[in-house]
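>>> Just to be clear, the model below is a prediction. Sequence and coordinates:
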Amino acid sequence: MTKTDFRPVKLPPEKTATANRALTRVRGYLAEHPDLGQIAVKPLDDREPEPLTLPREAVELLAGLLAHLGAGRGVSIVPSTAELTTQQAADILNVSRPFLIGLLDAGEIECRLVGTHRRITASSLMEYKQADDRRRREAADELTQLGQEMGMM
């Protein structure tokens, strides 16, 4: 089992402006260079002769982190292979643990047993969350369309 620390990192209010300025620069650079697969970061001093090279995906992830931190939200990084307890998974979905157990028992989310304890991979949990979000959007769109057809909107 992968041990993961779920305590979010949150910036103090006086540092959110710094995160927002960095976000603006990072997003601008990514937009100006859409075809770059790697991003070179120039060193601040002469002790490092070569730039730091980062995969574009890592820089895009950094932009997402900066956006959340700049908005004052806490951020945790969870590897897709991390195995979550039922309480951790319920907390991520913002549901009760008994409700999550019902989803597991119904086969809505994949899990495995470790002794008598269930473990859910982060990737399985995110697949369920994305599918559930998609179902909710489709239901909302259908309700909107029905409301328009009935002249209620």
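Arrived safely, thanks for sending. This structure is a prediction, so every number in the text was calculated from the model and none was measured.
>>> So, low pLDDT: which residues of this protein?
Scanning the chain for pLDDT under 70 picks out 1-6, 153.
>>> Could you point out the longest helix of it?
As assigned by DSSP state H, the longest helix anywhere in the chain is helix 122-149.
>>> Packing partners of that helix?
Under the contact definition 3 or more Cβ pairs under 8 Å, 6 or more residues apart in numbering; DSSP states H and E, helix 122-149 sits against strand 83-84, helix 86-93. (Glycine included, C-beta is placed from N, CA and C.)
>>> Can you tell me which of those is most buried?
Stretch with highest mean neighbour count among these: strand 83-84 (a mean of 22; mean count of other Cβ atoms under 10 Å).
>>> what pairs with it, and is each one parallel or antiparallel?
Here strand 83-84 is paired, per DSSP bridges, with strand 117-121 (antiparallel).
>>> How far off centre is the strand it pairs with?
Offset of strand 117-121 from its chain centre (Cα atoms, centre = their mean, to the nearest Å): 19 Å.
>>> Can I get that strand as CSV, trimmed to CA atoms?
The C-alpha coordinates for strand 117-121 follow below in CSV (Å, rounded to 0.1, in the frame of the first residue of the first chain):
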residue,chain,number,x,y,z
HIS,A,117,-10.5,-3.4,5.3
ARG,A,118,-11.4,-2.0,1.9
ARG,A,119,-8.8,0.0,-0.1
ILE,A,120,-9.6,2.2,-3.0
THR,A,121,-7.0,3.4,-5.5
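>>> That concludes my questions; thank you for your assistance.
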